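Asker: Any chance you could fold what I've pasted below:
(chains A and B)
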Amino acid sequence: MKRVKISEILREPKLGTETIVKGWVRAFRSNRFIQLNDGSTINTLQAVVDFEQFDESVLKKITTGAAVGLKGLLVESQGSGQSVELQVSEVEIIGEANPDDVQKTVMQPKKHSLEFLREQAHLRFRTNTFGAVFRIRHAVSFAIHEFFNQRGFYYIHTPIITGSDAEGAGEMFRVTTLDPTNPPLNEDGSVNYKEDFFGKPVNLTVSGQLEGELAALALGQIYTFGPTFRAENSNTSRHLAEFWMIEPEVAFNDIHDNMDLAEDMLKYICSYVMNHFADDLKFLSDREATEQQSKPQNERTELSLIERLQFVTSNDFKRITYTEAIDILRNSNHYKKKKFQYEVDWGTDLQSEHERYLVEKEFKRPVIITDYPASFKAFYMRRNDHSEPGRETVAAMDILFPGIGEMVGGSQREERLDVLKEKCAAFHIPEEDLWWYLDTRRFGSVPHAGFGLGFERMVMFVTGMSNIRDVIPFPRTPQNAEF
RNA sequence: UCCUCCUUAGCUCAGUCGGUUAGAGCAUUUGACUGUUAAUCAAAGGGUCCUUGGUUCGAGCCCAAGAGGAGGAGCCA
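Answerer: Residues are numbered from 1 along each chain as shown, chains lettered A, B, ... in the order given. A predicted model of the protein is given here:
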């Protein structure tokens, strides 16, 4: 007989049939009731053992955390907390768990802090919260692939090891096989990278975008979905040294097509999770609601997690230009009462507090800000045709989410070779490093656009978790690469 | 990297003005009970009060330095 997953049993219970389940004991109450979870769902199956029919030594081993196989008859439950239960006739102890040891872990049946759970990343999968988070992380991932596949996008794998530092997106991790204590040196004392594995210095990628553009300018529409690495000493609840990013790129799209695509994608993800992982979502929504009760009124969220997802899918994102954003901020009472710590001036980047004001106070919904000043945006973003003199802007777009900040950053790309070369010079990027990128603008260049979605930030929004370390199985942050 | 806060039992936390033997709930163990739902009842075990140094007759509590963690900022996704 094959084991049946608990998710199947609970979805379509075949009452009166002999069934085998295997999983981990969450609780064993009254020497009679086993609460069994096998990871297929957040819900547990109640298994009832008649303790008079089993050996004491077997019952002793049914402890929290232990792995067991149970065979028995599926029947309607006499108790009120569940509809079906398993009347156990055979117990197999598959893996024991010593209660004294379990007591020191996150598996003991009680509430734990997220910090404590983080210290046991290898065991936190066993908890309701992280089981739900990682099932939903899968759902978000799968929804993204499904979304793009349905629209005829091709999934492209861009390199993880890269020789170009062109995007300047941040500090990079060096990849080398040289002996750090005794590297080969040039005559002038510098490290001789010709002797390194690739014959030149290489790093872990900070973005697959430039490579993605090459594919898009042949295959039409592509997306990447891979790990990304930033060696920045960022110690916040929104940053990781290793994270995952989705970067679609579409030939012939302009900035408006780009916004439509991003908005559709974000809505699709929310719908998918609501439709397919409702149990996990409800658990997380209730969990957040309980947590909110211990917070002061002004720090509570107005909508529940589920309501926030519904809100996103059923309302258009607010679209404004950077210049309009500056006007709104400067005309706000918040500004007039001097409640912003940072000055609001055309030409400087928006600070976190400004973005939060726009998203959380002014519009109360996701906001897309476009047409930023060229001075603080990347070299590859397309220069707008009708910029005021001295106020040159680029066709950039950032999508800001409540509680998260920047969820998506993208732009229409500079397709004009002469302008792009000008920008390279202005940003001190040597053209010879990017010859392969510039080539795309020589052989049938076309307008195109794309964006990057921070995968973990999306999972944060969908699960309601407030620390990015709690939505990735094994977080890598400064001074922390355990497991 | 900067600012603020935190570190007491396995976990979550209390610990008064610096004063005798540092407490509670949960968890664990033992026993009782047995249709429970974070089961209940009784008892027991469990402490480098983060580390080092200082002040003091006396420090969990005051001071200094360090370590670890959290929140916020910057950078960004």
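
Asker: pLDDT score for the residue nearest to residue A:342 when sequence neighbours are not counted?
Answerer: Closest residue in space to residue A:342, ignoring its immediate chain neighbours: residue A:351 at 4.4 Å, by Cβ to Cβ, 6 or more residues apart in numbering. Glycine gets a C-beta too; all of them are placed from N, C-alpha and C. Here, the pLDDT recorded for residue A:351 equals 91.

Asker: Same question for residue A:130.
Answerer: 93.

Asker: now do the one 3 residues further on
Answerer: Residue-level confidence at residue A:133 comes out at 94, pLDDT.

Asker: now the strands for the stretch 201-350 of chain A?
Answerer: Taking DSSP state E, counting those that start in this stretch, the strands of the stretch 201-350 of chain A run over residues A:202-204, A:221-229, A:242-251, A:318-321.

Asker: Could you dump the ones you listed into JSON lines with mean pLDDT, mean neighbour count and distance to RNA strand B added?
Answerer: Shown next, in JSON lines, are those (pLDDT from 0 to 100; neighbours: other Cβ atoms under 10 Å; distance: least, Cβ to the nearest atom of the strand, whole Å):
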{"stretch": "strand A:202-204", "mean pLDDT": "90", "mean neighbour count": "20", "distance to RNA strand B": "12"}
{"stretch": "strand A:221-229", "mean pLDDT": "95", "mean neighbour count": "21", "distance to RNA strand B": "7"}
{"stretch": "strand A:242-251", "mean pLDDT": "96", "mean neighbour count": "22", "distance to RNA strand B": "4"}
{"stretch": "strand A:318-321", "mean pLDDT": "95", "mean neighbour count": "16", "distance to RNA strand B": "17"}
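
Asker: quick revisit: surely the residue nearest to residue A:342 is in contact with residue A:345?
Answerer: No. Counting by Cβ atoms under 8 Å, residue A:351 stays clear of residue A:345, with 11.0 Å between them.

Asker: okay, the two: which has more neighbours?
Answerer: Taking neighbours as other Cβ atoms under 10 Å, residue A:351 and residue A:345 compare with residue A:351 leading, 15 against 9.

Asker: quick one: contacts for the more buried one?
Answerer: The neighbourhood of residue A:351, defined by Cβ atoms under 8 Å, 6 or more residues apart in numbering, consists of A:340, A:341, A:342.

Asker: Compare those and tell me which has the most neighbours.
Answerer: residue A:340 (16 neighbours).

Asker: Show the pLDDT at it.
Answerer: 87.

Asker: Quick check: closest non-adjacent residue to it.
Answerer: For residue A:340, the closest residue by Cβ to Cβ, 6+ apart turns out to be residue A:353, at 5.8 Å.

Asker: For RNA strand B, tell me which of the contacts of residue A:351 show up nearby.
Answerer: residue A:342 (Cβ under 7 Å from any atom of the strand).

Asker: Among the contacts of residue A:351, which one sits closest to residue A:64?
Answerer: Closest to residue A:64 out of the contacts of residue A:351 is residue A:341 (48.3 Å), distances taken as Cβ to Cβ.

Asker: and the closest one, what does it touch?
Answerer: A:351, A:353.
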